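*Asks:* Sharing a sequence plus its predicted fold:
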Amino acid sequence: MRKVIIAGNWKMNKTTTEAIELANGLKRELYKIDDIGIVICPPFTAIDEVAEVVYESNIGLGAQNIHWEDAGAFTGEVSAPMIKELGCVYVILGHSERRQYFHETNETVDKKLKSALKHGLTPIVCVGESLEEREGGRTFDVIRDHVTNSLEGLTPEDAKKIIIAYEPVWAIGTGKTATPEQAQEVHAFIRGLLTELFGRETAEEITIQYGGSVKPGNIVELINQKDIDGALVGGASLDVKSFSEIVKNCSRKGA
Ligand code: PGA
């Protein structure tokens with residue numbers, strides 16, 4: 001059984017003071033949840049303080065990006081050992097905003113992925129098509145390109161340690177969610193690609209999250225799809241009530 005993992009991507013939101021408040025609120029609301037993996041990814045500046053809040057709780061900590069080198073002359077960058085020392089267990093890689101605004105490519109995602117694994121972090125690798133690509137009938141080509149090239153050179157053993165997030169770019173922050181059927185179709189395709197690359201047993205173990213305008217009101221029908229194993233939540237993760245409700249609605253698959 002794959003564990004359901006709900007991760008909050010706070011993006012460039014929350015000062016440290018605000019982040020501490022949000023993390024405390026989530027801890028209060030969610031301390032009883034034991035069947036869902038809960039992850040929050042604050043901005044770098046708040047990670048240290050948020051780590052203290054969630055220490056020894058059921059909430060895991062992640063960062064939103066890393067550089068692929070451990071150290072060096074890369075002004076403005078942060079590396080895997082740096083976030084690891086602060087208590088991060090997860091790192092989001094290849095988010096569409098990074099691919100779109102910061103020239104992230106499959107090749108850089110792949111290098112970052114290897115650094116994350118080398119340092120024992122769990123990477124959440126994001127893939128997804130734009131509206132233009134979907135309307136042009138290229139969804140599956142884009143997903144194949146993102147998955148095969150971002151995971152280039154991984155062994156099945158390594159592949160078992162990663163999470164994939166399918167995030168159709170047209171559904172991110174737009175209020176437009178993919179229908180559960182549209183999402184399941186792509187998730188099943190990704191599972192098929194992972195089977196081609198790493199074998200069936202490994203592919204069956206990999207958590208594939210859905211992301212894009214996930215809300216308390218739409219998570220249940222998404223999570224009930226066979227190949228949807230959780231969510232990467234942006235906007236709705238910035239508020240104690242909405243993120244807690246998403247997690248609670250998934251607990252015991254919404255029962
Ligand atoms: P959203 O963002 O939930 O605000 O659509 C999701 C994401 O970008 O990870």
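*Replies:* Looks like it came in fine.

*Asks:* do stretch 174-193 and the ligand meet at all?
*Replies:* No - using C-beta under 6 Å from any ligand atom, we find that stretch 174-193 stays clear of the ligand, coming within 7.0 Å at best. Every residue, glycine included, has its C-beta placed from N, CA and C.

*Asks:* Show residues contacting that stretch.
*Replies:* Contact with stretch 174-193 is made by 127, 139-140, 143-144, 147-148, 164, 166, 168, 170-171, 203-204, 206, 208, 210, 212-215, 218, 221-222, 224-228, as judged by C-beta atoms under 8 Å, 6 or more residues apart in numbering.

*Asks:* List buried members of those by neighbour count.
*Replies:* 127, 139-140, 143-144, 147, 164, 166, 168, 170-171, 203, 206, 208, 210, 212-215, 218, 222, 225, 227-228 (16 or more other C-beta atoms under 10 Å).

*Asks:* Take these and keep only those in strands.
*Replies:* 127, 164, 166, 208, 210 (DSSP state E).

*Asks:* Could you let me know which of those residues ends up closest to the ligand?
*Replies:* Proximity of these to the ligand (C-beta to the nearest ligand atom) peaks at residue 210, which lies at 9.6 Å.

*Asks:* pLDDT weak spots in this protein?
*Replies:* For the chain, applying pLDDT under 70 flags the ranges 253-255.

*Asks:* Spatially central residue for it, please.
*Replies:* Residue closest to the average C-alpha location in the chain (C-alpha atoms, centre = their mean): residue 124, at 4.3 Å.

*Asks:* Now, the contacts of stretch 174-193 that are in helices?
*Replies:* 139-140, 143-144, 147-148, 203-204, 221-222 (DSSP state H).

*Asks:* from those, which is closest to the ligand?
*Replies:* residue 222 (11.8 Å).

*Asks:* what's the distance between residue 192 and the ligand?
*Replies:* 23 Å (C-beta to the nearest ligand atom, to the nearest Å).

*Asks:* what's the answer for residue 219, then?
*Replies:* Residue 219 sits at a distance of 11 Å from the ligand (criterion: C-beta to the nearest ligand atom).

*Asks:* Neighbours of that residue, how many?
*Replies:* Number of residues near residue 219 (other C-beta atoms under 10 Å) recorded here: 25.

*Asks:* Likewise for residue 75?
*Replies:* For residue 75, using other C-beta under 10 Å, the count is 4.
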